[in-house]
Structure formats: structure tokens, C-alpha cells
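Peer 1: Based on what follows, work out the 3D shape:
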Amino acid sequence: MTPTTSSTSKKLARSAAALAVSKKARDVVILDLRGLSAVTDYFVICSGLSDVHVRAIADAIEEGLEREGARKWHVEGYTHRRWILLDYVDVVVHVFHHKTREFYLLERLWGDAEVEKVDS
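Peer 2: The predicted structure follows:
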């Protein structure tokens, strides 16, 4: 991976986090998975307080990143709105209903990752 690619994916992760914050997402964090996973560089993880809130956060991230020219590769979870996953290859965004996030504890699963907390 070149520094350009790495800095671009970091910028994308920070943009996704800022968009989540703009919709009042809770507990927004960026996990740096470079060196820990060959699948992606960063996870952005955030929570919403209801199904409607989760959908609004995911919509804002999708629309905002699209305006910035980012193309998503895969999306899951819009049907049940408990965990919406937006996959941008180098950055994967997880928008959880707060109860679902408590159950899966992705931050604990990736406990070796460097964590950047994003102020909301």
C-alpha cells in the first residue's frame, strides 16, 4: 500500500465519521486495521438510538461520501436497520443500533487496533 492510498483511506474514514456526527451518531470511533487485516484499512463504528436514527446516519454517510466521489462496493442491513454496513473497500462503516453494538462489541474483537475517538 502506498502512502497516497493510506492517506486517502484515512481521509475517507474521517469524512464518514464526520457525517455520522452530523446526524448525532453516538460513540463514533475509527479503528486503524492496517497491519492487522488484509480486508480493509479502517472501520468506522457508530451507534444510533433507534431504527430510524440508524437509517438516517447511514443515509447521510452514503450521500455525503457519494458527493465526495467515493463509490461503495457493498451495502447490507437496510432491511432490519439494526446494523447497516457500508463497504468502501479500504473503509468499512458500521452503523449500529446501540443495543446491537453492545451485543457484538466489534471494538473488543479488534482490540489490537489503534482507536481514534471522534467528538460528537
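Peer 1: By residue count, which helix of this protein is the longest?
Peer 2: Secondary structure of the chain read by DSSP state H shows that its longest helix is helix 3-22.
Peer 1: Can you tell me what sits against that helix?
Peer 2: Residues from elsewhere that reach helix 3-22, judged by C-beta atoms under 8 Å, 6 or more residues apart in numbering: 28-30, 34, 41-42, 44, 46, 57, 60-61, 64-65, 68, 70, 86, 88, 90-91, 93, 95, 118-120. For every residue, glycine as well, the C-beta is placed using N, CA and C.
Peer 1: The next helix or strand after that helix pairs with which strands, parallel or anti?
Peer 2: Per DSSP states H and E, the first helix or strand lying C-terminal to helix 3-22 is strand 26-32. Here strand 26-32 is paired, per DSSP bridges, with strand 42-48 (antiparallel), strand 114-117 (antiparallel).
Peer 1: and K23, which of those is closest to it?
Peer 2: Each of the strands paired with strand 26-32 has some distance to K23 by C-beta to C-beta; the shortest is strand 42-48, at 8.0 Å.
Peer 1: What about V54, how many residues nearby?
Peer 2: V54 has 27 neighbours, counted by other C-beta atoms under 10 Å.
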